[in-house]
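Engineer: model this:
(3 chains)
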Amino acid sequence: MARISSLLSFSFTLLIFLHGYTAQQFPNECQLDQLNALEPSHVLKAEAGRIEVWDHHAPQLRCSGVAFVRYIIESKGLYLPSFFNTAKLSFVAKGNGLMGRVIPGCAETFQDSSVFQQGQGQEQGQQGQGQGQQGQGQGQSFRDMHQKVEHIRSGDTIASSPGVAQWFFNDGNEELVIVSVLDLASHQNQLDRNPRPFYLAGNNPQGQVWLQGREQQPQKNLLNGFTPEIISKAFKIDVSTAQQLQNNQDNRGNIVRVKGPFGVIRPPLRSQRPQQEEEESVGNGLEETICSARVTDNLDDPSNADVYKPQLGYISILNSYDLPILRFLRLSALRGSIRQNAMVLPQWNANANAVLYVTDGEAELQVVNDNGDRVFDGQVSQGQLIAIPQGFSVVKRATSDHFRWVEFKTNANAQINTLAGRTSVLRGLPLEVITNGFQISLEEARKVKFNTLETTLTYSSGPVSHGRPRRADA
Amino acid sequence: MARISSLLSFSFTLLIFLHGYTAQQFPNECQLDQLNALEPSHVLKAEAGRIEVWDHHAPQLRCSGVAFVRYIIESKGLYLPSFFNTAKLSFVAKGNGLMGRVIPGCAETFQDSSVFQQGQGQEQGQQGQGQGQQGQGQGQSFRDMHQKVEHIRSGDTIASSPGVAQWFFNDGNEELVIVSVLDLASHQNQLDRNPRPFYLAGNNPQGQVWLQGREQQPQKNLLNGFTPEIISKAFKIDVSTAQQLQNNQDNRGNIVRVKGPFGVIRPPLRSQRPQQEEEESVGNGLEETICSARVTDNLDDPSNADVYKPQLGYISILNSYDLPILRFLRLSALRGSIRQNAMVLPQWNANANAVLYVTDGEAELQVVNDNGDRVFDGQVSQGQLIAIPQGFSVVKRATSDHFRWVEFKTNANAQINTLAGRTSVLRGLPLEVITNGFQISLEEARKVKFNTLETTLTYSSGPVSHGRPRRADA
Amino acid sequence: MARISSLLSFSFTLLIFLHGYTAQQFPNECQLDQLNALEPSHVLKAEAGRIEVWDHHAPQLRCSGVAFVRYIIESKGLYLPSFFNTAKLSFVAKGNGLMGRVIPGCAETFQDSSVFQQGQGQEQGQQGQGQGQQGQGQGQSFRDMHQKVEHIRSGDTIASSPGVAQWFFNDGNEELVIVSVLDLASHQNQLDRNPRPFYLAGNNPQGQVWLQGREQQPQKNLLNGFTPEIISKAFKIDVSTAQQLQNNQDNRGNIVRVKGPFGVIRPPLRSQRPQQEEEESVGNGLEETICSARVTDNLDDPSNADVYKPQLGYISILNSYDLPILRFLRLSALRGSIRQNAMVLPQWNANANAVLYVTDGEAELQVVNDNGDRVFDGQVSQGQLIAIPQGFSVVKRATSDHFRWVEFKTNANAQINTLAGRTSVLRGLPLEVITNGFQISLEEARKVKFNTLETTLTYSSGPVSHGRPRRADA
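Structural biologist: The predicted structure follows:
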């Protein structure tokens, strides 16, 4: 008996297995009958902050082909330089700081003025002189030169190329919060569809916990992988310094606390940026473009908004016309800020997947899939993420004083189609298509087409139905 | 005994399973030892027509990365607006009709003349006035404005971007038949490799039967997925009209019969299209390009043929030089029409997969794969489909009075290599390569290179071998 | 007992299976904990040479998305015309020869002078005349015209488009050795991720042994797949010649020995190539570009080197700025030649996978993955291959008199980031980031940044640690 039941259990297991196998043979990762507001699934704690990672195997993120990360950097926290195998688009959700990138082959254009006055020709010969100055502890008197450092602040969107090292420093008094989307499905990622940070310094004692199929080991910096002798020869330093570069005894993680001043050379706080000039330079030699290409833009200045209604809110879009590097990264962003009871008219992305991250407040969302099923009907609130795949329709209604969010889209020029309003699809259809399609009168069809004069934002008052997704009822 | 045989049967199952698993781990979907002329596998019936869907899991279509659909729209039938997650290229196989698309952000450039005379400035204020006119039943007296509507006719090829809604109306007396290829493998499709129509109006009571891994439910229109309250607020209409938009009680499918006149604003029937002008505008601002970009071209006018032999037939090619939007869609088309006993010389596509659909008549095809095996040797006839993957060689010979077909190719500029003829590969090889390669005399090699003066079409008389694919014999 | 143990063994098998299944559901092909220096896994023997194929299922090649092949062509050996489903980049590792390609639609620009003098207009009428000349055995007196034939020599890099037939002839006295990378993961390959050679002539009696999931059958030429009657009609030759074209009795493989002279029309041996002219023509009509586009460049001339140090060696890079066709193929190459004890400073590829093939000598390599683990620490020597995935850091140290290698990269403009040296990432970081990141003093940080003045190559003396990959120790 026992044996027979064992056999039955086996065959049952096998059947389940075969079913899974068939499903997989023809991948259906966008067969999404239900979406969820997602929270991070892994937290990597570090000395001066933490890195929160969303599970990129979640069905809606797998369908969208992206990973998502949130960096919380405390005051005086330094996110050590690292790079990814993917294009990355980041948004500063909170706080202020400094950012540096190191682009291969570009010059160290930020120089301490005392060095500059001495002339560059003498620089290299004088390297040895600096040694006696150790311990003075003031940035200004040290001779240094490095690549561009930029101020970043809440609302900034930052484009990052794969393989290019980047660091952040929180020079403010509040937390610096940065959220980033990593485009796993783009051809810019030449590895598999996993996010893989490479650390130049720092480490991650917990290991890459978001990866499957490998027994996790603590993640070390790159230099750690070479033998100290090689490091010593490559940098022309003694072996003991080489070993220090390997950070073996370091348990601070990848966000460390800076003790003392952080005297990197930086420009004064920026004012208005002249956008036109930089765009013109695109198309010249790659080197010029890459070294001087602008990679940030601020989306929180309502004076630059693409949609602006003082009573309702604003929406700003950042695409490759604004920031040409996005053409290579094939990503774009949308920033929205709406007031209580404002509604974003129902719309879909024609040529992109989107992931929506809530930076402030909360809203009610309804999302509809290709089958006409409501796959999400509920609240999203600060710190939550939801994916809106290509073609899925969504309507948003603020339910707190302010609802603010950022959407990252997997196309350099994502096109939005609205269902209602002056620039909507229904407005573009002939009345006869509407009357015949919906079996309504010409009078009603005319109302459907012309009643809503707004393009994107409208007033929304009164309660909204808050049932479960319709499919569950059926 | 029984138990042992059970165990044996289990282990056998497991072995088969493991074998499948291994095969899958390294996908081999182009390991094609046999092709078939394919017929539709699913038929969606609607009030005024039907939609016939080919199984995109068929090995040759999986290898080619495409799905294929045929729309049969009866006289007075209206294919309600819908959009896809993929780029789409369509061919009007039969009949005449109207087509409309709604491109996000583009203006309603088609206006009823009475509206036009009153001036656009007054338009919005007067919307309410139209309500009393309901029931007059004549298109002309209604005020309407909508996006471009175009006449389509047999031979037209129509390019469609993902996410852009499109409708068709059969204003002729015979069936309107449109066949469409959907490019699942292109980066324009950001979902999984399944064709997913999104319905703005109409429905599909059978559900998306071509999908696997989801229990099918009837497919509704997009508005159906939102709550009526949201629809009501978005369109500023009352809730009962909102419920009508959701078409819940509608069982007409996605092709409905228009009762009464279909008075959409339309241009007079087109004559010659000035191709040059439109091409020049490409490269300007995207908005201009998208709103005014030409998306159709007729391939049935022999005066525009790329290959034309009065006695044999003609071949016309539509690529991104003719229709610039194809550059974005990465698709192109070829139309062929040959007479009894004409032969298309053996050729392969260098940089594209192709799917060949027979619009009229029948022909004998031989197709050869990478291994030099004949994987198809037989008849294809009207309404059948066959895939010709990249590099596979094919020869076509008409076996009816007229054989006419359309080939869709997964490259904006598909390159054809011919094996025989004046522009063929063998003509481009030195004689010494041919004599040494095939172990033939110089005299024979010279015949091989120079005997056939035609480039594409030649006479073919006498019977052609009609055995089974050679591999089956081996 | 036996039964219970059987059941246990079953459940164990199933567990392993399920584990593999899960791993596969979320593919992790770049989860590389160990790399190996790879040798060919299959050898196809032919009359006048052999074709050596690396197993493209090896984890590091699967991650990189490429296949790799080595052609060894003996003196007087002719590699018969064939084409691939992928873009291909080749490097002539040894020897001299001739290369011909046949591009569809391009003219036969190489003409025997006697034909040329008679005028092209008479050519076609005179085809029959040549028949009596058979047996004279001298290339000059034969009338022939064919597409471009080029001399190739050691150091040449050759770009090949998918679907374009190519042949090689060894006209020297030593072996002609060509290595080729096939980009399986690029969109240029529209089939599955398997390398598929298509043979115009010749055959492969062993079959495509590198493919899985198909019972191997001998691979024949394309003409073999058609019926002789079709061949006869297409080429307007008699059936017996058609049968000869099918090479059924031929067992010479795809590299055959040329008996007698090989009198193809060829230009004199090239001297300096004027690079500028050809680049300017890009962007004109596709036909012009494709027919006249340059596809080769020599990387062994130190006078064109990108990095050159007389005592240490040189490095030359070939990207789409040098060879514009690489923009379409999305491939580039790097040639390195260093002397004993020279070291290439540690570096990674920001936007490309690379495969490194050793043409001469040997070197010690250390490779570090995303986790900071040393995944390779050992010797690579002549004829071996190793993949360096995107973001993985590598350091090379020559351990023989000369170490020479070629790297193929899956990006038309692969960017190298160096860890140490004048243009390195650490040089671009502010001192404060280095001191805080590595917990070292300002004095040490300054040494780390400024001590190494070289950009790429430096001296390396003394023994290098030669342990096992670090992970194995842990």
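
Engineer: Name the residue of the stretch 251-400 of chain A that lies nearest to chain C.
Structural biologist: Residue of the stretch 251-400 of chain A nearest chain C, by C-beta to the nearest C-beta: residue A:264 (3.9 Å). Heads up, the C-betas are built off the backbone N, CA and C, glycines and all.

Engineer: thinking that residue is in contact with residue A:147, fair?
Structural biologist: No - taking contacts as C-beta atoms under 8 Å, residue A:264 lies outside contact range of residue A:147: 10.6 Å.

Engineer: Touching both of the two, which residues are there?
Structural biologist: When C-beta atoms under 8 Å, 6 or more residues apart in numbering or on different chains defines a contact, the residues bordering residue A:264 and residue A:147 alike are A:100, A:110.

Engineer: Find the closest residue to chain B in the stretch 201-350 of chain A.
Structural biologist: Taking C-beta to the nearest C-beta, chain B has its nearest neighbour within the stretch 201-350 of chain A at residue A:350, 2.5 Å off.

Engineer: what about the nearest residue to residue A:169 once chain neighbours are set aside, which SS state?
Structural biologist: Take residue A:169 and drop its neighbours on the chain: the residue closest to it by C-beta to C-beta, 6 or more residues apart in numbering or on different chains is residue A:98, 4.5 Å away. The three-state assignment at residue A:98 reads strand, by DSSP: H, G, I helix; E, B strand; the rest coil.

Engineer: Now do the contacts for the residue of the stretch 251-400 of chain A closest to chain C.
Structural biologist: Going by C-beta under 8 Å, 6+ apart, residue A:264 touches A:98, A:100, A:110, A:139, A:144, A:146, A:149, A:169, C:430, C:431, C:432, C:433.

Engineer: Quick check, pLDDT for it.
Structural biologist: If you check residue A:264, the pLDDT there is 89.

Engineer: What's the local residue count around the residue nearest to it when sequence neighbours are not counted?
Structural biologist: With sequence-adjacent residues excluded and distances taken as C-beta to C-beta, 6+ apart, residue A:264 is closest to residue C:430, at 3.9 Å. Residue C:430: 28 surrounding residues under other C-beta atoms under 10 Å in any protein chain shown.

Engineer: Can you show me the CA trace of the helix or strand hosting residue A:447 as CSV?
Structural biologist: Counting by DSSP states H and E, the element that carries residue A:447 is helix A:442-450. The C-alpha coordinates for helix A:442-450 follow below in CSV (Å, rounded to 0.1, in the frame of the first residue of the first chain):
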residue,chain,number,x,y,z
LEU,A,442,-24.8,59.5,-31.7
GLU,A,443,-25.6,61.9,-28.9
GLU,A,444,-23.8,59.7,-26.4
ALA,A,445,-20.9,59.1,-28.7
ARG,A,446,-20.5,62.8,-29.1
LYS,A,447,-20.4,63.2,-25.3
VAL,A,448,-17.8,60.4,-25.1
LYS,A,449,-15.6,62.1,-27.6
PHE,A,450,-16.0,65.8,-26.7
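
Engineer: what about the closest residue to residue A:372 other than its chain neighbours, neighbour count?
Structural biologist: Of all residues not flanking residue A:372 in the chain, residue B:220 sits nearest, at 3.0 Å (C-beta to C-beta, 6+ apart). By other C-beta under 10 Å, 24 other residues sit near residue B:220.

Engineer: how about residue B:220, what does it touch?
Structural biologist: With C-beta under 8 Å, 6+ apart, residue B:220 has these contacts: A:371, A:372, A:373, B:199, B:203, B:246, B:247, B:248.

Engineer: Need the residue closest to the centroid of chain A.
Structural biologist: Closest residue to the average C-alpha location of chain A: residue A:180 at 2.3 Å, with C-alpha atoms, centre = their mean.

Engineer: Check what pLDDT that residue gets.
Structural biologist: 98.

Engineer: quick one: contacts for it?
Structural biologist: If you count contacts by C-beta under 8 Å, 6+ apart, residue A:180 has them with A:68, A:69, A:70, A:71, A:88, A:89, A:90, A:91, A:160.

Engineer: Among these, which ones are in strands?
Structural biologist: When DSSP state E is applied, the contacts of residue A:180 are split such that A:68, A:69, A:70, A:71, A:88, A:89, A:90, A:91, A:160 fall in strands.

Engineer: Could you identify the most distant pair in those residues?
Structural biologist: With distances taken as C-beta to C-beta, the most widely separated pair in the ones in strands among the contacts of residue A:180 is A:70 and A:160, at 15.4 Å.

Engineer: more crowded one of those two?
Structural biologist: More neighbours surround residue A:160 than the other of residue A:70 and residue A:160, with 23 against 19 (other C-beta under 10 Å).

Engineer: Test my guess that the residue nearest to residue A:169 contacts residue A:166.
Structural biologist: No - contact criterion C-beta under 8 Å: residue A:98 and residue A:166 do not qualify, at 11.3 Å.

Engineer: can you list the domains in chain A?
Structural biologist: Listed domain ranges for chain A are A:42-114+A:141-276, A:300-473 (source: automatic domain parsing).

Engineer: Off-centre distance for the last one?
Structural biologist: Relative to its chain's centre, domain A:300-473 lies at 20 Å (C-alpha atoms, centre = their mean, to the nearest Å).

Engineer: and if you look at the first one?
Structural biologist: The chain centroid and the centroid of domain A:42-114+A:141-276 are separated by 13 Å, computed with C-alpha atoms, centre = their mean.

Engineer: Buried ones only from the contacts of residue B:220, please, as a ChimeraX command.
Structural biologist: A single ChimeraX command is used to select the members of the contacts of residue B:220 judged buried by 16 or more other C-beta atoms under 10 Å in any protein chain shown:
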select /A:371,372,373 /B:199,203,246,247
